[in-house]
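>>> Sequence first, then the predicted structure, then my questions.
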Amino acid sequence: MAGRGCRQAEGLKEDMTKMNRSMDLAWCCIAAFLCAMLSGCGNTPGAATVPKNAPASGLWQVVATTGMVADLVRQVGEGRVKVESLMGEGVDPHLYKPTVRDVKLLESADLVFYNGLMLEGRMQDVLQRLQASGRPVFAVTDGIPRDRLIAPEGFAGHYDPHVWMDVGMWSLCVDYVAECLERVDPQARDVYRANAARYKAELEELDEYVRRVIGSIPEPHRVLVTAHDAFHYFSRAYQIPVRAPQGISTETEPGVKDINDLVQFLVDRRIRAIFVETSVPEANVRAVLEGAARLGWRVQVGGALFSDAMGPPGTYEGTYIGMLDHNATVIARALGGQAPPRGMKGRLSVGESGKAGGR
């Protein structure tokens, strides 16, 4: 594990450097397009511009990077904001490159919210330039004390960005988003605070549900094996060890030894299920399954989990609460725990396999 961690740490640092230094021609053109738009905006660099009046439509136009961030802002800003997400279902934010349309949306937005902690990878330059131009641009994870974040060994000060996997941690972002919206729209302070209080109560209920169903998994089987290391906050919060063939960033690729080590771990521990992710290719998981089969241990795919993206828009799984309800329910049921087939409030869709969201 130590050797694997070092290799992934070195790979992640190299990838983060390459994100800013080795962009292809198309990406450079997009960055240049943004610079050209921002050069004429007339704002003082570094000084956030706070709109003086509400927009004519009555709703603040907000652009968010990921579905999780967009849903959070919608909940807190309900009745006062219209939110559009750049990255939809099944999109990997680690690898995402903004299009010219995305840049136009960002430039025309009243406010921009993103996850931060390098999750958006190749968008980081665009977001930083937009913020430096004076636009109201906020990273929701700025509301989390740094001593609460996970800093993997050897990652040179880079934190694990997958904070939404711990419902309690994500709840800390709720108050911060409310503060950011109040800063722009102080006359609606009471609206934002009421929305935040209501949503935090819902998240507390979700947190209790996840804790209960994950805790029901028999101890010998309580190990979560997924496609990439997106579940460390989930692991810490809900007391379930996690393993994955691929590192925190999907920019890194596992080596043969990483795959073989994980195969041996599954066989030795008699782990009954491994999970794929909706935003990550299944090739590495399939390699692990085949390796275990060659050693005489059959591992099933326990279901597809939402890691870096939520479910389809307009569905329950397309909300943050639905996303975590789905994950906890699928994990618990596949590993021998106790969870209702359709989740916390009976709202999960049921796939052909009989598991929530199964495939």
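Right, received. Where do you want to start? Everything numeric here is computed off the predicted structure, so don't read it as measured data.

>>> How about the residue lying farthest from the centre of the chain, nearest residue that isn't a chain neighbour?
The C-alpha centroid of the chain is most remote from Gly296, which lies 35.1 Å away (C-alpha atoms, centre = their mean). Leaving out its chain neighbours, the residue that sits closest to Gly296 by C-beta to C-beta, 6 or more residues apart in numbering is Val267, at 7.7 Å. (C-beta placed from N, C-alpha, C; glycine too.)

>>> Met123 now?
Nearest to Met123 is Pro98, by C-beta to C-beta, 6+ apart, at 5.4 Å.

>>> quick one: that neighbour is in a strand?
No. Using DSSP: H, G, I helix; E, B strand; the rest coil, the assignment for Pro98 is coil, not a strand.

>>> in terms of contact, does it touch Gln124 like I think?
No. Judged on C-beta atoms under 8 Å, Pro98 makes no contact with Gln124 at a distance of 10.5 Å.

>>> Can you pick out the residue with more neighbours from the two?
Per other C-beta atoms under 10 Å, whichever of Pro98 and Gln124 has more neighbours is Pro98, with 23 against 16.

>>> how far away is that one from Asp325?
30 Å (C-beta to C-beta, to the nearest Å).

>>> got it, and Phe234?
From Phe234 to Asp325 the distance is 13 Å (C-beta to C-beta).

>>> still on that earlier bit, pretty sure the residue nearest to Gly296 is in a helix, no?
Yes. According to three-state DSSP, Val267 belongs to a helix.

>>> Let me see the contact set for it.
292, 295-297 (C-beta atoms under 8 Å, 6 or more residues apart in numbering).

>>> now the residue most central in space within the chain: how far from Pro152?
Against the mean C-alpha coordinate of the chain, by C-alpha atoms, centre = their mean, the closest residue is Asp308 at 4.0 Å. Using C-beta to C-beta, one gets 17 Å for the distance from Asp308 to Pro152.

>>> And for Val330?
Val330 is 26 Å from Pro152, where distance means C-beta to C-beta.

>>> okay, the two: which has more neighbours?
Val330 (27 against 17).

>>> so which strand or helix has the more buried one?
Per DSSP states H and E, Val330 falls inside helix 320-334.

>>> Give me the helices and strands touching that helix, please.
Packing contacts for helix 320-334, counted by 3 or more C-beta pairs under 8 Å, 6 or more residues apart in numbering; DSSP states H and E, involve helix 67-76, helix 189-215, strand 273-277, strand 300-305.

>>> how does it look with 6 Å?
Applying 3 or more C-beta pairs under 6 Å, 6 or more residues apart in numbering; DSSP states H and E, one finds that helix 320-334 contacts helix 189-215, strand 300-305.

>>> Least confident secondary structure element in this protein?
helix 2-21 (a mean of 42; mean pLDDT, DSSP states H and E).

>>> now Asn260, nearest residue through space, not along the chain?
Asn260 sits nearest to Gly291 (C-beta to C-beta, 6+ apart), 6.7 Å away.

>>> Phi and psi next, for the one you found.
Gly291 has phi and psi values of phi -60, psi -40 when expressed as degrees, to the nearest 10.

>>> Could you count how many residues lie near it?
18.

>>> And it, how far from Ala283?
The gap separating Gly291 from Ala283 is 13 Å, by C-beta to C-beta.

>>> got a pLDDT number for Gly343?
For Gly343, the pLDDT comes out at 97.

>>> neighbours around it, how many?
Around Gly343 there are 27 residues (other C-beta under 10 Å).

>>> from memory it sits against Thr329, does it?
Yes. With contacts counted by C-beta atoms under 6 Å, Gly343 reaches Thr329, the gap being 4.5 Å.

>>> gap between His232 and Gly168?
Distance from His232 to Gly168, by C-beta to C-beta: 14 Å.

>>> Ala309 too?
For Ala309 relative to Gly168 (C-beta to C-beta), the value is 21 Å.

>>> Please compare the two by neighbour count and tell me which comes out ahead.
Between Ala309 and Gly168, counted using other C-beta under 10 Å, the more crowded position is Ala309 (23 against 16).

>>> Now do the contacts for Ala70.
Residues near Ala70 by C-beta atoms under 6 Å, 6 or more residues apart in numbering: 64, 83, 85.

>>> Among these, which ones are in strands?
Among the contacts of Ala70, DSSP state E puts 64, 83, 85 in strands.

>>> Can you tell me the SS state at the residue nearest to His158 when sequence neighbours are not counted?
Of all residues not flanking His158 in the chain, Met118 sits nearest, at 6.0 Å (C-beta to C-beta, 6+ apart). Following three-state DSSP, the label given to Met118 is coil.

>>> pLDDT wise, what is Met118 at?
For Met118, the model assigns a pLDDT of 90.

>>> give me the low-pLDDT residue ranges for the stretch 101-250 of the chain?
154-156, 228, 246-250 (pLDDT under 70).
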